[in-house]
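> fold the following for me, if possible:
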Amino acid sequence: MIRRRVAIGLGLGTLLAVGAASTALDLKARRDTALVEHTMEVLEKASELRLLLRQAEAASRGFALSRADRFAAEFQETSGLVPAAWAELRQLVRDNSAQSERLRSIDGVVQRRIELAGELIRLQAANDRNGLQALMANAPGSAAMTTINETLDAFTEQERRLLAERGATSRQTGTWLLAIDLAGVAIVLAIAAYLVRRAYLSDRALRTSLTRSQATATSLEAQALQQRGDLAAAYDELRRSSAILENTFNSMAEGVLVVDPEGTIMLANQAAGHFLGTDVGKTFAEMLAANRFYESDATTLIDDRELPIARALRGLSFDRREVVVKPTDGRPQFRLMVSGRPLRNSADAISGAALVYHDVTEVHEIERLLQQAQKLDAIGKLTGGVAHDFNNMLTIITGSIEMLIDAVHDRPAAAELAVLISRATDRCTELIRHLLAFARKQPLRPRDIDVNATVEDIAKLLRPTLGEQVEIRTILAEGDLIAHVDSAQLANSLVNMAINARDAMPDGGKLLLETMKTVLDEAYAAANPGVAPGAYVMVAVSDTGAGMPTDVKDRAFEPFFTTKDAGKGSGLGLSMVYGFVKQSGGHIKLYSEENRGTTIRLYLPAAHMLQQNEPEHAQVLPRGTETILVVEDDPLVRDFVLAQLEGLGYTTLVASHAAEALTIVAQGQPFDLLFTDVIMPGGISGSQLADTIMATRPGLRVLYTSGYTDNAIIENRQLLPDALLLTKPYRRAELAQMVRRALDGAPAGGASPASPAPLPRA
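Numbers count the residues shown, from 1 in each chain. Purely as a prediction, here's the structure:
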């Protein structure tokens, strides 16, 4: 009796010691997690500060280039946020003397950089050219920004090392915690087995004694009663101990399962039931019917023979195998770390298996968000004047070809040649849009497009671009594949991915472009947060290149991350693709292994039908007899517009700049429509010219034109959103329709950005 109580006491003491150690490690794990989250917050705040400084610098330069008030306002707003962000960052690293000293060393440099940017705006606003030349000659701003970037790079690198160290410490603590929990379970099972065994032996001894002592039953009755009393006390002790063990077992955060050789559950705590929907008495087959088990990628189904229970029952031991459990009854999925051991009897035969399930769903999500967090940034735009002039030239070419088609319509050979030139011009127009999309971030203009047609066009463009050493193949789904996206940005994304694929195949290889219809279901969406279930158009770009190691693949979509040599890549290609797909409501997946090539899949939201434009030759162009004042600084464009308008029956007045147009107005010449370029030399814009004329002619109708293709005119508050704007290059049909729309519509109510109506930003 005493030995039994001593054994039980020792077991409970050991169990309590294990519980205390588990509690201590749990507290340490929480502290480690808090340190990881703190380091993540420092990194995010450093990135925020760097972004604010870049935005302030960009706004200052934007004002220096354009003298637009919105850049000055943007600088004031952004620079005002820098001190608070700086103070928050210094507060976050106050306990790290090295990092605090590193930030303190550039405290004055940051302040100086903001002051220099503000000085640039002030000098530009005052038109102080001498001051500007002196400021730009010394280039103190660039030197200061270089110092800031170098210091912040060193600061960020140190924080990333801290994050790696603290993450490793946190994972080690979790491993120790799991080991202690397993030890606790083993002690619980050992105590229970010991008590059951002792009770069994006591009962058997009692029965044997009663059989042999039947003749002396009367004299031994008192002893038998005493023995029964002892047995009852032992059972009471056993029940109390079992209650303690059961409460401890069920309160564990880790799920514990013990199964027999056939897979029937013999022991399960509440956590295991929560994870797997199982209970004592259920079989392995019932567990499979209630759940689907996937590898850590959440998409690869695990074969039944490779499931943790099946492996343990085959005699295999394993630790921390990651599985994703997706219940079939609608319960949320879990990501679990499973450790398993086979149980053996005295003959060393497998008598069952014990498994412990540790929930890492939340930890995995935090790590995923950390690894995949993207901070998209805009790249510089092409020079406005170059784009403007190039579009002007293209407008002349397009319009002249249309006139040529009309002139030679009775000569089939010449007409066919003119049509070929027109098609080439259309291709050139599309190519210009692609090239502009490479160098500037444009507001998306989603519409229903035929994805197959876009992929075919890009494949034709890529063949001379990638070179003969790269074989390009296309596998397109049958029928119309319609997606609701921005076609220019889709083309830009395909070119970006193709160029990356070419760089991964320096000795040549194969590039495969694929399209197909697909449906992402609820299960896929649950495993990939941010994905909306529904119909998608999938576009895949695959190469046979070097592939990516795991560390590169995990950072592939990070802005400015690149494995290319200095000067050969900005690191913005895939991050631009990621931003475009996400902004379009789609989904992107990257698959890559070293020496196995890379596949990137874009899932674009499917549309219902493709909008077909009416062929121009089948349209009846609207005409008129009104008088139009044309104000255009480019002589070639001016001559083209005059020829087109006169061919449509209109009478034209012409001016090369705003001052000449005001002279015509002062002479009292009547006209019905002002057709003016938005940006012109001489210091007076098209909107200012319209405001001046409408002061004396309030019923005037106005139509604007511009060569900017990315809504820069409206973004820069040159026009109100409801102003009529004809974007260059344009066809005769577009010109005719817009002129007629302007003449038949309501008179212009003013185009100045000074109007009290707020201007929405794209």
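
> hey, let's count contacts and neighbours off CA atoms from now on
Fine.

> now do the SS call for Tyr704.
Following DSSP: H, G, I helix; E, B strand; the rest coil, we place Tyr704 in the strand state.

> that one contacts Asp722, correct?
No: look at Tyr704 against Asp722 with CA atoms under 8 Å: they stay out of range, at 11.4 Å.

> between the two, tell me which one has more neighbours.
Legend: neighbour count by other CA atoms under 10 Å for Tyr704 and Asp722, higher for Tyr704 (24 against 11).

> report pLDDT for the more buried one.
According to the prediction, Tyr704 has pLDDT 87.

> repeat that for Leu662.
91.

> how about Asp230?
76.

> ok so Val325 is a strand residue?
Yes: under three-state DSSP, Val325 falls within a strand.

> what's the local residue count around it?
21.

> same thing with Ser296?
17.

> give me phi/psi at the closest residue to Ile106 other than its chain neighbours?
In space, and not counting its chain neighbours, Ile106 is closest to Ile148: 6.6 Å by CA to CA, 6 or more residues apart in numbering. Main-chain dihedrals, Ile148, degrees, to the nearest 10: phi -60, psi -50.

> burial check on Ile148, number of neighbours?
21.

> strands of the stretch 201-350 of the chain, start to end?
255-259, 265-268, 291-294, 318-327, 334-344, 350-359 (DSSP state E, counting those that start in this stretch).

> quick one: closest of those to Val470.
strand 291-294 (36.8 Å; CA to CA).

> so which of the strands of the stretch 201-350 of the chain is nearest Leu404?
Closest among those, using CA to CA: strand 291-294, at 64.8 Å.

> off-centre distance for that closest one?
27 Å (CA atoms, centre = their mean, to the nearest Å).

> now do it: everything it contacts.
Contact with strand 291-294 is made by 276, 300-302, 307, 323-328, as judged by CA atoms under 8 Å, 6 or more residues apart in numbering.

> who wins on neighbours among those residues?
Top of the contacts of strand 291-294 by neighbour count (other CA under 10 Å): Val324, with 25 neighbours.

> pLDDT wise, what is the residue lying closest to it once chain neighbours are set aside at?
Using CA to CA, 6+ apart and skipping residues adjacent in sequence, the residue nearest Val324 is Arg335, 4.5 Å away. Listed pLDDT for Arg335 reads 88.

> most tightly packed of the strands of the stretch 201-350 of the chain?
Highest mean neighbour count of the strands of the stretch 201-350 of the chain: strand 255-259, a mean of 24 (counted as mean count of other CA atoms under 10 Å).

> quick check, Thr264 in contact with Thr283.
Yes: if you go by CA under 8 Å, Thr264 and Thr283 touch, sitting 4.2 Å apart.

> spit out the residues that contact these two alike.
By CA under 8 Å, 6+ apart, no residue touches both Thr264 and Thr283.

> now do the phi/psi pair for Lys589.
Per degrees, to the nearest 10, the backbone of Lys589 is at phi -130, psi 140.

> going forward, count from 5.
Okay, using 5 as the starting number, the last item reads as Lys593.

> and it, what does it touch?
604-606.

> re the thing from before, show me the contacts for the residue nearest to Val328.
300, 326-329, 363-365, 368.

> for those residues, give me CSV that also has distance to Gln671 and pLDDT.
Formatted as CSV, the contacts of Arg339 follow (distance: CA to CA, whole Å; pLDDT from 0 to 100):
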residue, distance to Gln671, pLDDT
Ser300, 79, 84
Glu326, 84, 89
Val327, 84, 91
Val328, 81, 90
Val329, 83, 89
Asp363, 84, 86
Val364, 81, 84
Thr365, 78, 76
His368, 76, 72
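
> farthest-separated two in those?
Farthest pair in the contacts of Arg339, by CA to CA: Val329 and His368, 13.9 Å.

> elements contacting the helix or strand where Thr696 lies?
Assigned by DSSP states H and E, Thr696 falls within helix 690-698. Counting contacts by 3 or more CA pairs under 8 Å, 6 or more residues apart in numbering; DSSP states H and E, helix 690-698 packs against helix 662-670, strand 677-681.

> how far away is Asp676 from Thr629?
Distance, Asp676 to Thr629, by CA to CA, to the nearest Å: 10 Å.

> out of those two, which sits in the more crowded spot?
Asp676 (17 against 13).

> please, where are all the helices along the stretch 505-654 of the chain?
Along the stretch 505-654 of the chain, counting by DSSP state H, counting those that start in this stretch, helices occupy 526-531, 554-558, 577-587, 639-651.

> can you say which of the ones you listed is packed in most?
helix 577-587 (a mean of 21).

> report the rounded mean pLDDT for that helix.
75.

> starting at the chain centroid, how far to that helix?
With CA atoms, centre = their mean, you get 7 Å for helix 577-587.

> swap in stretch 541-559?
On CA atoms, centre = their mean, the centre of stretch 541-559 falls 16 Å from that of its chain.

> what residues does it touch?
By CA under 8 Å, 6+ apart, stretch 541-559 touches 375-376, 485-487, 498, 501-502, 505-506, 508-509, 513-522, 565, 594, 596-610.

> run the last query once more with 6 Å
505, 508-509, 513-521, 596-608, 610 (CA atoms under 6 Å, 6 or more residues apart in numbering).

> in it, what's buried?
For stretch 541-559, the neighbour count (16 or more other CA atoms under 10 Å) marks 541-552, 559 as buried.

> and it, end to end?
25 Å.

> mind checking the pLDDT average for it?
Stretch 541-559 shows a mean pLDDT of 83.

> circling back: could you pick out the buried ones from the contacts of stretch 541-559?
505, 508-509, 513-521, 596, 601-608, 610.

> so which of those residues belong to strands?
In strands, judged by DSSP state E, the following of the buried ones among the contacts of stretch 541-559 are found: 513-521, 596, 601-608.

> okay, domains of this structure per the record?
6-183, 256-377, 447-609, 624-748 (automatic domain parsing).
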